[in-house]
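K.L.:
structure for the following, please:
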Amino acid sequence: MVEVTSQNFEEKLTELDMDLQEASFTCLDFEFSGLHTNRCPNISLFDSPQERYSTLRESVQDFTVLQCGLSVFRYDRISRIYHCKTYNFWIFPRANEWFSRQTQFESSACEFLMKFDFDFNKCFYGGIPYLNEEEIRTAQRQLTKSHEYVKDIVLNDVKLGFRKRKLDMLAKWAIDSRPGELIEIDCMSGGMCSVLLADVNQKYEDLIASKPKGESCLLVVKKATTEELAARSNSNKEVLEQKFEKAIGFTHVVRLIKKHRKPIVGHNLLMDLLFIYEKFHEPLPESFLQFKQKMHNAFPAIFDTRHIISNMKVELRKDEKYKELFRGTSLLSLYEECTSENVKGLMYQPLILDNLGEECGMREHDAGYDSCLVGHVFLRLAHFYALWKYNSPSVKPFHFQDYLREFSKFENSLNLIRSALSHISLSRDDPETKRPQWLLVSDRNKFKIDKEHVKCVLSAFGDVSVKTISPHSCLVAMPSIGMAAGLLVEMKNHNKYKVIRYEPSKSWVNEFLGLAVIGSFGLIAGCLYFRYRSQ
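P.N.:
The predicted structure is shown next:
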């Protein structure tokens, strides 16, 4: 594995460019400073794609990327070997001349990373900075601006007056002096000397200010010669350009990925893509549809192994031989199953050579290691699926393009966790929901319903989402049809809650009739009361 920090980033960037040019596909994995911000609602099975996107967008804006694993897979058609080279980038949003970011750290996320020996010191001290494309444009505009005085300096009235007198004197001297002449300025203190030094160097292009060695309160100003002006201009411009390029940092990597347009593979990839877009491309738009369009334009071919395995498991249920295969959906469990004899023992299994090395060991949730696992899983799932679909004794070895053809129906589809939809599509319309019909829960005694108590009672049937729709009823969303059917049977004779399938039209009519009855009784009671008072 190639470890990349701010110290060797420029050197490895050229190397990565060459690797991406030869790549068949790339795999990505990220580690973040947090995922769930307090100002966002919890994700829910009721969430539409736009609602889920809005929730995740706010979280992404609050947190930062700490590590990126990028595995580049190159297929050798002659030897039919996949060569994998993994880069592990350490990232941190360092302050620079243009921006000083505020970011959050979620304690649970940090504890999770510490559990897997994440090196926070390496991240903070050696992390690669970044600017997204909008910030780059802002910094470029600021490069051309000159500032009359040093910003963010707080001085009292005495020091402000001293500063003004010295600068006024210097302005008169600058007009009358000739190139090569010197003037000495006696400053009040070392701090004021530093302020005046910065003032002169920022305000006057033809003056060179310096502090003599050993003199903390003395400033020497020289009227620059033609040769000194040329050297100074080139030097300042070069230094500023170097700082600017360094500040762009990891965004150079994302630019290379966009430039080469190779297929991108990840596991549960939606959050990774949102961070890529916000931190290294452009600020995330408010519209989910706009995000999909722009993301697809930037990254035209994306595969999510979590979505792929979910759909493969549905198809394999019909096959007695393989219906119990791939029980887990986490990256590590998938890797273990893909490297078991049930899958690895299949004929013409792809041979993968990576650069992790034995010394790497098992480093789950290290971004570089996980990105390499994603590639292994993707290739072995593709081979299994192609072999299973082909179902012929005369099968021949598959090439990478064969895998892409078999997986084309999964392209640009991203898994959604706990949502009204199982996945979203970046290049097509989103699918219709396959979640079970919502359930309506009401109190049999017409008491005010407690949403948290309902959730507690129904949690025995699975991971449910509950939403109040009136004082006496609430909606329940279930993750699967089987769970919903089981809940309806078990709750049929419950002593407190009545559970039925939710039908919006009937629910609205019932609520309307209930209010009408209550209103009628109220009207009658009012009339009787006023009649009684009048007598």
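K.L.:
for Thr103, phi and psi?
P.N.:
phi -140, psi 160 (degrees, to the nearest 10).
K.L.:
I meant to write Ile352 there.
P.N.:
Ile352 has phi and psi values of phi -120, psi 120 when expressed as degrees, to the nearest 10.
K.L.:
quick one: what helix or strand has the nearest residue to it once chain neighbours are set aside in it?
P.N.:
Distances taken as CB to CB, 6 or more residues apart in numbering put Tyr82 closest to Ile352, at 4.6 Å, once the chain neighbours are dropped. Just so you know, the C-beta spots here come from the backbone N, C-alpha and C atoms, and that holds for glycine as well. Assessed by DSSP states H and E, Tyr82 sits inside strand 81-90.
K.L.:
how far off centre is that strand?
P.N.:
Strand 81-90 has its C-alpha centroid displaced from the chain centroid by 21 Å (CA atoms, centre = their mean, to the nearest Å).
K.L.:
downstream neighbour of it in the secondary structure list?
P.N.:
Next along from strand 81-90, by DSSP H and E: helix 107-115.
K.L.:
and that following helix, what does it pack against?
P.N.:
Judged by 3 or more CB pairs under 8 Å, 6 or more residues apart in numbering; DSSP states H and E, helix 107-115 is in contact with helix 120-126.
K.L.:
identify each buried residue in the helix it packs on, please.
P.N.:
Neighbour-count burial for helix 120-126 flags Cys123, Gly126 (criterion: 16 or more other CB atoms under 10 Å).
K.L.:
also stretch 206-226?
P.N.:
Leu207, Ile208, Ala209, Lys211, Leu219, Val221, Lys222, Lys223, Ala224.
K.L.:
ok, stretch 322-329 next?
P.N.:
By neighbour count with 16+ other CB under 10 Å, stretch 322-329 contains the buried residues Tyr322, Leu325, Phe326.
K.L.:
so which of the residues you listed comes closest to Ser59?
P.N.:
Phe326 (29.7 Å; CB to CB).
K.L.:
now the closest one: how far from Ile302?
P.N.:
Separation of Phe326 from Ile302 (CB to CB, to the nearest Å): 21 Å.
K.L.:
for Asp354, same thing?
P.N.:
Noted for Asp354: a distance of 22 Å to Ile302, by CB to CB.
K.L.:
and the closest residue to Asp17 other than its chain neighbours, what pLDDT?
P.N.:
Spatial nearest neighbour of Asp17, chain neighbours left out: Leu256 (5.5 Å); criterion: CB to CB, 6+ apart. pLDDT for Leu256: 97.
K.L.:
quick one, helices of the stretch 351-500 of the chain?
P.N.:
Here the stretch 351-500 of the chain has its helices, by DSSP state H, counting those that start in this stretch, at 367-390, 400-406, 451-458, 481-490.
K.L.:
who touches stretch 318-328?
P.N.:
By CB atoms under 8 Å, 6 or more residues apart in numbering, the residues outside stretch 318-328 that reach it are Ile309, Met312, Lys313, Leu316, Arg317, Ser333, Leu334, Glu336, Glu337, Asn342, Val343, Trp388.
K.L.:
again, but for stretch 383-398
P.N.:
Stretch 383-398 has contacts (CB under 8 Å, 6+ apart) with 80, 312, 316, 319, 322, 338, 343, 346-350, 382, 402-403, 406-407.
K.L.:
please redo it, this time with the cut-off set to 10 Å
P.N.:
80, 308-309, 311-312, 315-316, 319, 321-322, 325-326, 337-338, 342-344, 346-350, 379, 382, 402-403, 405-407, 410 (CB atoms under 10 Å, 6 or more residues apart in numbering).
K.L.:
in the strand holding Tyr82, what's buried?
P.N.:
Within strand 81-90, the residues that count as buried by 16+ other CB under 10 Å are Tyr82, His83, Cys84, Lys85, Thr86, Tyr87, Asn88, Phe89, Trp90.
K.L.:
quick one: which two of those are the most distant?
P.N.:
The most widely separated members of those are Tyr82 and Trp90, with 26.2 Å between them, by CB to CB.
K.L.:
distance check, the residue nearest to Glu406 when sequence neighbours are not counted against Glu411.
P.N.:
Excluding the flanking residues, the one nearest Glu406 by CB to CB, 6+ apart is Ala386, at 4.6 Å. Separation of Ala386 from Glu411 (CB to CB): 15 Å.
K.L.:
what's the answer for Phe118, then?
P.N.:
Distance, Phe118 to Glu411, by CB to CB: 32 Å.
K.L.:
packing partners of whatever helix or strand Leu289 lives in?
P.N.:
Following DSSP H and E, one finds Leu289 within helix 288-298. If you count contacts as 3 or more CB pairs under 10 Å, 6 or more residues apart in numbering; DSSP states H and E, helix 288-298 packs onto helix 49-62, helix 251-260, helix 270-280, strand 423-425.
K.L.:
buried residues in it?
P.N.:
Applying 16+ other CB under 10 Å to helix 288-298 flags Phe288, Phe291, Lys292, Lys294, Met295, His296, Ala298 as buried.
K.L.:
starting at the chain centroid, how far to that helix?
P.N.:
15 Å.
K.L.:
and the helix or strand following that helix, what does it pack onto?
P.N.:
As assigned by DSSP H and E, the chain's next helix or strand after helix 288-298 is strand 302-304. Here strand 302-304 touches strand 25-32, strand 264-266, helix 270-280, helix 367-390, strand 413-415, going by 3+ CB pairs under 10 Å, 6+ apart.
K.L.:
partner strands of strand 302-304, with direction?
P.N.:
Strand 302-304 pairs in its sheet with strand 264-266 (parallel), by DSSP bridges.
K.L.:
state the mean pLDDT of the strand it pairs with.
P.N.:
For strand 264-266, mean pLDDT rounds to 98.
K.L.:
residue contacts, the closest residue to Glu97 other than its chain neighbours?
P.N.:
Nearest residue to Glu97 in three dimensions, chain neighbours excluded: Lys243, at 6.2 Å (CB to CB, 6+ apart). Contacts for Lys243 were tallied using CB under 10 Å, 6+ apart; they are Asn96, Glu97, Trp98, Ala139, Leu143.
K.L.:
what residues does stretch 116-128 touch?
P.N.:
Identification of contacts with stretch 116-128 by CB under 10 Å, 6+ apart yields 3-9, 13, 31, 33, 64-68, 89-94, 105, 110, 112-114, 246, 248-253, 362-367, 369.
K.L.:
can you do 8 Å?
P.N.:
4-7, 9, 31, 66-67, 89-94, 110, 113-114, 249-250, 363-366.
K.L.:
with stretch 100-107 instead?
P.N.:
By CB under 8 Å, 6+ apart, stretch 100-107 touches Ser33, Gly34, Leu35, His36, Thr37, Asp62, Phe63, Thr64, Pro93, Ala95.
K.L.:
show me which of those residues are buried.
P.N.:
Using 16+ other CB under 10 Å, the buried ones in these are Ser33, Gly34, Leu35, Thr37, Asp62, Phe63, Thr64, Pro93.
K.L.:
give the contact list for the last one.
P.N.:
Pro93 makes contact with Thr64, Arg101, Thr103, Gly127, Pro129, Tyr130, according to CB under 8 Å, 6+ apart.
K.L.:
I figured the first one was touching Glu278, is that so?
P.N.:
No - in this structure, Thr64 is not within contact of Glu278 by CB atoms under 8 Å, at 9.8 Å.
K.L.:
would you map the helices across the stretch 101-250 of the chain?
P.N.:
Applying DSSP H, counting those that start in this stretch to the stretch 101-250 of the chain gives helices spanning 107-115, 120-126, 133-143, 157-176, 190-203, 226-248.
K.L.:
just say which of the ones you listed is most tucked in.
P.N.:
Mean neighbours per residue, mean count of other CB atoms under 10 Å, is largest over the helices of the stretch 101-250 of the chain for helix 190-203, with a mean of 18.
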